[in-house]
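Colleague: Sequence and predicted structure, then a few things I'm wondering about:
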Protein chains: 2
Amino acid sequence: MLDTAVDEARAGLAEGGIPIGAALYGPDGEVLGRGRNRRVQDGDPSLHAETSAFRDAGRRRGYARTTMVTTLSPCWYCSGLVRQFGIGRVVIGEARTFHGGHEWLAAHGVEIVLLDDPTCVRMMTDFIESNPVLWHEDIGE
Amino acid sequence: MLDTAVDEARAGLAEGGIPIGAALYGPDGEVLGRGRNRRVQDGDPSLHAETSAFRDAGRRRGYARTTMVTTLSPCWYCSGLVRQFGIGRVVIGEARTFHGGHEWLAAHGVEIVLLDDPTCVRMMTDFIESNPVLWHEDIGE
């Protein structure tokens, strides 16, 4: 399931953007929506990877049986999205380069799968080293 | 400051949308961005009033001296936005018809001003009574 999110992150990097990708999966493993951080590409600070994938999935009733897969631990904004809409599970590529709200989500009943994937770690480590100002803008620091 | 958010909510209602509006103000009281819930109008579940106003304000560095004004208590998604980007103050029209994450934000150092504005209460009460299914879709219930 992580492959789609990694593909989105790589596509974002190729566009000059921040390499974080995500995909929302349905109960049968089908991709409902996919997306990537679009701060640079669209000048849009509201489109983090997770909100981009959520948006791409369109209007729905009920997210309990869906899974949000993201290359990076979801920030408070994206964690709030997961909690408000009752997304049942979050699969996270890594939480080494950024530690968001995934423990808060787990405490509120969301199933969290933290993979510690080396590809995801490397991609964000390289990006943050090369683009610290842009990265800090993206997380409001 | 609430007037701009109420105007956005009314414009949304006139479009057949969910009547929640918001505006992001800068330190000198200038409007940086404004917006309204666009679930119905754009078929976009990611654009709540607050995220719409945040998006409209474009890319920025630092939100500590900004104020998010919203007609309704911010849901977890929009509360997460406020926390992640360090928006310093949230002015809320009312929290009677929906109780979101504003106490959580206060506990994390965000200044919260809760107005209990009768116009905002009436607008959402009427809307929810007439459109319960749409309203519950918008908050993921």
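Modeller: Done, it's in. What you are looking at is a predicted structure, and each value in this text was computed from that prediction instead of being measured.

Colleague: With adjacent residues omitted, what lies nearest to the closest residue to chain B within chain A?
Modeller: In chain A, the residue found nearest to chain B is residue A:80; the distance is 2.3 Å by CB to the nearest CB. Every residue, glycine included, has its C-beta placed from N, CA and C. Once flanking residues are discounted, residue A:80 sits nearest to residue B:80: 2.3 Å by CB to CB, 6 or more residues apart in numbering or on different chains.

Colleague: Need phi/psi at that neighbour.
Modeller: For residue B:80, the backbone dihedrals (degrees, to the nearest 10) come out as phi -60, psi -40.

Colleague: Tell me how many other residues crowd residue A:21.
Modeller: The local packing count at residue A:21 equals 32, with neighbours defined by other CB atoms under 10 Å in any protein chain shown.

Colleague: To clarify, my last question referred to residue A:34.
Modeller: When counting by other CB under 10 Å, one arrives at 21 neighbours for residue A:34.

Colleague: Confirm that it sits in a strand.
Modeller: Yes - note on residue A:34: a strand contains this position according to DSSP: H, G, I helix; E, B strand; the rest coil.

Colleague: Quick check, pLDDT for it.
Modeller: In the prediction, the pLDDT value recorded for residue A:34 is 98.

Colleague: residues contacting it?
Modeller: The neighbourhood of residue A:34, defined by CB atoms under 8 Å, 6 or more residues apart in numbering or on different chains, consists of A:4, A:5, A:8, A:21, A:22, A:23, A:24, A:53, A:56.

Colleague: Apart from its neighbours in sequence, what residue is nearest it?
Modeller: Spatial nearest neighbour of residue A:34, chain neighbours left out: residue A:23 (4.2 Å); criterion: CB to CB, 6+ apart.

Colleague: Beta-bridge partners for the one you found, please?
Modeller: According to DSSP bridges, residue A:34, residue A:69 are recorded as the beta-bridge partners of residue A:23.
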